[in-house]
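In: Next comes the sequence, and after it the predicted model I'd like to discuss.
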Amino acid sequence: MIKDPFLWNSTKITFIITSIFSTLIIFYFIFSKFKSKKQINIKQEKVPNFGLLIGVDESNNKVYIPEKGLYQNILITGTIGSGKTASALYPFTKQLIKYNSYNSDKLSFLILDVKGNYYSKVLEFAKAFNRLNDVIVIELCRKIYL
């Protein structure tokens, strides 16, 4: 039978206390993760004064780069032909050209087009949002289009 009842009782009490604390710790982490996810979704749902829509998250909430983030660097990576221009640069450029396009608070920016094929899409967006007069194209062979 039990040779040392004190040791057996101490082991049972230790096991019960450990089980209670570990259960509390597990529940704490589960609810803290749930709470932090809720806060993130609420922040993503807020539409900023101006923000660049970059897509949706796993809960189908729109995700924006806020205006302050646009003053930083943005890196878009992918292999040649993977669709970086069509899926990121064109939609981003269209949003920037469209923003406040019919009043005096419209955005201005500089686009460097090394290949020389991007500006045709910029002209298309500028025409669609009545900003064609705002576009200045400077080419290497000293052609300037106003």
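Out: Cool, the structure landed.

In: Which element, helix or strand, includes residue 23?
Out: Applying DSSP states H and E as the criterion places residue 23 in helix 5-45.

In: try residue 63
Out: Mapping residue 63 onto the secondary structure by DSSP H and E places it in strand 62-66.

In: For that strand, which residues meet the burial criterion?
Out: Within strand 62-66, the residues that qualify as buried by neighbour count (16 or more other Cβ atoms under 10 Å) are 64, 65. The way it works is simple: take the backbone N, C-alpha and C, and place the C-beta from them, glycine included.

In: strand partners of that strand, parallel vs antiparallel please.
Out: Based on DSSP bridges, the strands next to strand 62-66 in the sheet, each with its direction, are strand 51-56 (antiparallel).

In: Using PDB, list the CA coordinates for the strand it pairs with.
Out: Extracted in PDB, the C-alpha atoms of strand 51-56 (Å, rounded to 0.1, in the frame of the first residue of the first chain):
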ATOM      1  CA  GLY A  51      -5.100  55.800 -47.200                       C
ATOM      2  CA  LEU A  52      -3.900  53.600 -49.900                       C
ATOM      3  CA  LEU A  53      -6.100  50.500 -50.200                       C
ATOM      4  CA  ILE A  54      -3.800  47.500 -50.500                       C
ATOM      5  CA  GLY A  55      -6.300  44.700 -50.200                       C
ATOM      6  CA  VAL A  56      -8.300  42.700 -47.700                       C
END
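
In: on that earlier part again, just checking, next helix/strand downstream of the strand holding residue 63?
Out: Secondary structure here is assigned by DSSP H and E; on that basis, the next helix or strand after strand 62-66 toward the C-terminus is helix 84.

In: now this protein, which segments are flagged as low pLDDT?
Out: For the chain, the stretches with pLDDT under 70 are 1-2, 33-48, 142-146.

In: sorry, back to before: and the strand holding residue 63, how far out from the chain middle?
Out: For strand 62-66, the separation from the chain centroid amounts to 5 Å (computed by Cα atoms, centre = their mean, to the nearest Å).
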